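Enquirer: model the following, please.
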Amino acid sequence: MLGLLEREGSATPYELKSLVAAGVGNLWSVPHSQLYAEPQRLARAGYLTEERERGGRRRRIYSLSDSGRAALEAWRAEGTDALPELRDLALLKLFFGADPAAVAARQLAAHEAKLAEYEALHAALAGDAASAGPALTLTAGIAHEREWVGYWKAVARRAGAR
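Expert: Take a look at the predicted model:
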């Protein structure tokens with residue numbers, strides 16, 4: 001949340017939802033309910049400032065406070081040895097005996113589409129110094145999707161499909 005608001009300057013919860021969908025949502029799952037509740041909690045804790053629109057729907061607009069900026073800097077400065085969590089429905093289905101050919105066909109198509117999406121996004125960021133972080137994460141996403149494409153092709157071959 002703090003990182004999104006740093007990048008955007010200020011945003012409503014609805015705008016945060018759009019920002020997540022267009023970027024960080026590709027690597028970090030954020031429930032929509034959290035995008036509405038968390039800014040209020042962070043504002044109460046002093047990490048965000050909150051303004052209300054004067055007219056119309058009187059939406060809440062959040063921005064980073066000095067405390068929020070300091071907390072974000074401290075968080076970024078810490079290293080991490082945490083490994084990613086894997087919650088993969090296709091692998092779960094395989095584990096419990098699903099037809100590998102059927103699962104592989106759908107997964108291969110999905111991962112090929114995601115790979116193409118990431119490659120297009122990465123190409124659009126080429127040469128934009130302000131997008132160095134997103135470009136690095138897209139590079140990881142591209143490698144990840146290439147690995148999954150190779151994996152699902154191998155599963156399909158072993159299952160006699162495609």
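Enquirer: got the buried residues for the lowest-mean-pLDDT helix or strand in the chain?
Expert: The helix or strand of the chain with the poorest confidence is helix 13-22; it has a mean of 90 (mean pLDDT, DSSP states H and E). Neighbour counts over helix 13-22 (16 or more other C-beta atoms under 10 Å) mark Pro13, Glu15, Leu16, Lys17, Leu19, Val20 as buried. For the C-beta atoms, the positions are set from N, CA and C on the backbone; glycine is no exception.
Enquirer: can you list contacts of that helix?
Expert: Residues outside helix 13-22 that contact it (C-beta atoms under 8 Å, 6 or more residues apart in numbering) are 1, 4-5, 7-8, 11, 30, 32, 35-36, 39, 59-60, 62.
Enquirer: please enumerate the strands of the chain.
Expert: For the chain, applying DSSP state E gives strands covering 10-11, 48-52, 60-64.
Enquirer: the last one vs strand 48-52, what angle?
Expert: Strand 60-64 runs at 150 degrees relative to strand 48-52, counting by axes from the mean of the first three to the mean of the last three C-alpha atoms, to 10 degrees.
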